[in-house]
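J.: structure, please.
(chains A and B)
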Amino acid sequence: MPEIFKNRVPSSFRDPSGFLFRQKGVLFRQINKVYQEHYEHLMKSGLYEKLVLNKLMIAHEETNIDGDDRCYKVIQPQIVPFISYPYEWSFSMLKDAALATLEIEKTALEYGMTLKDSSAYNIQFSLAKPILIDTLSFEKYSQGEPWKAYRQFCQHFLAPLALMSYKDVRLNQLLRIYIDGIPLDLACALLPVKTRFSFSLLSHIHLHAATQKKYSEKTVNTSHKKLSHTGRLAIIDNLESAIKKLQWQPRDTEWGEYYGNTNYSDTAFTEKRKFVSAYLDQIRPKSVWDLGANTGIFSRLASERGINTVAFDIDPAAVEKNYLTLKNDQETSMLPLVLDLTNPSPAIGWANEERMAFGAQGPVDMIFALALIHHLAISNNVPLSRIAAFFQEHCRMLVIEFVPKNDSQVQRLLATREDVFPDYTQEGFEREFGQFFLIERVLPIADSQRMLYLMKGK
Amino acid sequence: MFTIGYIDPGTGSFIIQAIVAALVAVPFVLKSQWKKIMSIFKRH
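T.: Numbering: from 1, shown residues only, chains lettered A, B, ... in the order given. Sure thing, here's the model as predicted:
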């Protein structure tokens, strides 16, 4: 058996056009012979150049590597620094991914090709922009055929965005449960009645769900169903308008006005920034995960140094604000994602191997756990030793802020409950974390009771 | 030509797509023509 079969990327198996594999740690894509004519058209027609130039698709290099007996060619794709999934994205990230997909399809049609799938998992964020990573997503277009990827687009993009906009921003979490996008009948059941008065949503979601149901048990000869080229373009245009119209304003959530309501004085805030910067400059990590990043204020200390930074937060509003800021400022080293640390993204899909669990892409050089420990230890009753063990598994260095009981934030958490946390003290914290880390530095933050630690994993 | 589309496009999805396309095609053409006309005026 060829070596490459053993090193296949587990999520890469559905498409007969080819698959991803690793060899000596490097990612490659085998293109199968069945795809040859489509690949050649992609490369010769100018579509590849156009998409790469417009930063809509990753570039790749052709290689002389041998594949298995179905292999036409092996290419080496450009990699993205961090793989993320639509259930981790904020509203505007999913919206931008949807619009990028439609832009790619429009461009492809100009060059005689079309997308054969429109999965949200084909889009990743690189340099803070959505980009297509599946080079083999295209097939030659013959005029008259309907868009095969239409159903998938409605389920992966339109339905979740409509639900986030019209019902609740947290509903993209349904994408964790439904691996091929939200079923349209479920979307219909959840969307408010007023969505039936929008022509686009009525057609692409409500009536679409109805026709899916009607024809689910029937065999219909659809070979005579023709769609003119204009009809194709009109559908894409209609989907694009529908997506653009969907809005979500982050209302003030629990964390929305966080920095206004904490007991950080300006002095404390400035000092904390100074200390985090000092730790960054001392250690010079190549990558940082900021856990509980809120809108990314401290994450930016890393990303502005050109360090690849992922800013995780439980609050979709904070992640959305972070994303809109980095779009506006054209930042390139940060990726904001929604994450509940007490219930992080699990491995899902076929054999629970298609989408990676949180942490699978680690360990990372450095984790920031700023103003976080009290939420885990007190709000969520996670013992300090377990928190320490979790962090140690995922990073080499840890920058962590200890927030003691006499801090006003912790007082607020304890206001309506029993204090069952006798070990939640600075001594207890250092003892429990000391089992998993070497404490290298500790700096008290002026004008507060908090301490900022730099620790090295054992 | 060998087509290589592998996902299930869905019978119902084909049908609704054809229906909707028929409804939006004419407005789409008018919109495109209107944009072309407006861009001529904008140049002046």
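J.: okay, now the unreliable bits of chain B?
T.: B:1-3, B:44 (pLDDT under 70).
J.: what residues does it have near chain A?
T.: B:1-25, B:27-29, B:31 (Cβ under 8 Å from any Cβ of the partner chain). All C-beta spots, glycine's among them, are computed from the backbone N, C-alpha and C.
J.: how about a cut-off of 7 Å?
T.: B:1-7, B:9-18, B:20-22, B:24-25, B:28-29 (Cβ under 7 Å from any Cβ of the partner chain).
J.: just those: which are in strands?
T.: Cross-referencing those against strands under DSSP state E gives no overlap.
J.: show the buried residues in those.
T.: Buried subset of the residues of chain B next to chain A (neighbour count, 16 or more other Cβ atoms under 10 Å in any protein chain shown): B:4-5, B:7, B:9-18, B:20-21, B:24-25, B:28.
J.: these in helices, which ones?
T.: B:11-18, B:20-21, B:24-25, B:28 (DSSP state H).
J.: closest one to A:Gln409 out of these, please.
T.: B:Ser13 (50.4 Å; Cβ to Cβ).
J.: tell me how many other residues surround the spatially closest residue to B:Pro9 that is not a sequence neighbour.
T.: Closest residue to B:Pro9 apart from its sequence neighbours, by Cβ to Cβ, 6 or more residues apart in numbering or on different chains: A:Lys148 at 4.1 Å. For A:Lys148, the neighbour count with other Cβ atoms under 10 Å in any protein chain shown is 23.
J.: quick one: secondary structure of A:Lys148?
T.: The three-state label given to A:Lys148 by DSSP: H, G, I helix; E, B strand; the rest coil is coil.
J.: what does the one 4 residues further on give?
T.: The local conformation at A:Gln152, judged by three-state DSSP, is helix.
J.: okay, and A:His41 sits in which element?
T.: Assigned by DSSP states H and E, A:His41 falls within helix A:36-44.
J.: rounded mean pLDDT for the helix or strand just after that helix, please.
T.: Per DSSP H and E, the first helix or strand lying C-terminal to helix A:36-44 is helix A:47-53. For helix A:47-53, the mean per-residue pLDDT is 98.
J.: what residues sit buried inside whichever helix or strand comes after helix A:47-53?
T.: Using DSSP H and E, the helix or strand that follows helix A:47-53 towards the C-terminus is strand A:60-62. Across strand A:60-62, burial judged by 16+ other Cβ under 10 Å covers A:His60.
J.: and strand A:60-62, how far from the chain's centre?
T.: Relative to the mean C-alpha coordinate of its chain, strand A:60-62 is positioned 25 Å out (Cα atoms, centre = their mean, to the nearest Å).
J.: C-terminal to it, what's the next element?
T.: In N-to-C order, the element after strand A:60-62 by DSSP H and E is strand A:71-77.
J.: which residues in the stretch 251-400 of chain A form helices?
T.: Using DSSP state H, counting those that start in this stretch, the helices of the stretch 251-400 of chain A run over A:258-261, A:266-283, A:299-303, A:316-328, A:373-374, A:384-394.
J.: I'd like these as CSV, with mean pLDDT, distance to chain B and mean neighbour count appended.
T.: CSV is the format used below for those (pLDDT from 0 to 100; distance: least, Cβ to the nearest Cβ, whole Å; neighbours: other Cβ atoms under 10 Å in any protein chain shown):
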stretch, mean pLDDT, distance to chain B, mean neighbour count
helix A:258-261, 54, 42, 12
helix A:266-283, 95, 44, 16
helix A:299-303, 98, 36, 25
helix A:316-328, 96, 26, 21
helix A:373-374, 96, 45, 24
helix A:384-394, 98, 35, 18
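J.: got CSV for the ones in helices among the buried ones among the residues of chain B next to chain A, with distance to A:Val288 too?
T.: CSV is the format used below for those (distance: Cβ to Cβ, whole Å):
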residue, distance to A:Val288
B:Thr11, 48
B:Gly12, 47
B:Ser13, 43
B:Phe14, 47
B:Ile15, 50
B:Ile16, 46
B:Gln17, 45
B:Ala18, 50
B:Val20, 46
B:Ala21, 47
B:Val24, 46
B:Ala25, 50
B:Phe28, 46
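J.: quick check, nearest of these to A:Arg8?
T.: B:Ser13 (30.1 Å).
J.: low-confidence stretches in chain A?
T.: Scanning chain A for pLDDT under 70 picks out A:1-6, A:222-225, A:251-264.
J.: mind checking the longest helix of it?
T.: For chain A, the helix with the greatest residue count under DSSP H is helix A:91-110.
J.: next SSE after that one?
T.: Where DSSP H and E defines the elements, the next helix or strand beyond helix A:91-110 is strand A:113-115.
J.: now A:Leu454: which helix or strand?
T.: strand A:451-457.
J.: my bad, should have said A:Pro81
T.: Here A:Pro81, judged by DSSP H and E, is contained in no helix and no strand.
J.: so who does A:Ala120 touch?
T.: Counting by Cβ atoms under 7 Å, 6 or more residues apart in numbering or on different chains, A:Ala120 makes contact with A:Pro86, A:Ala97, A:His156, A:Phe157.
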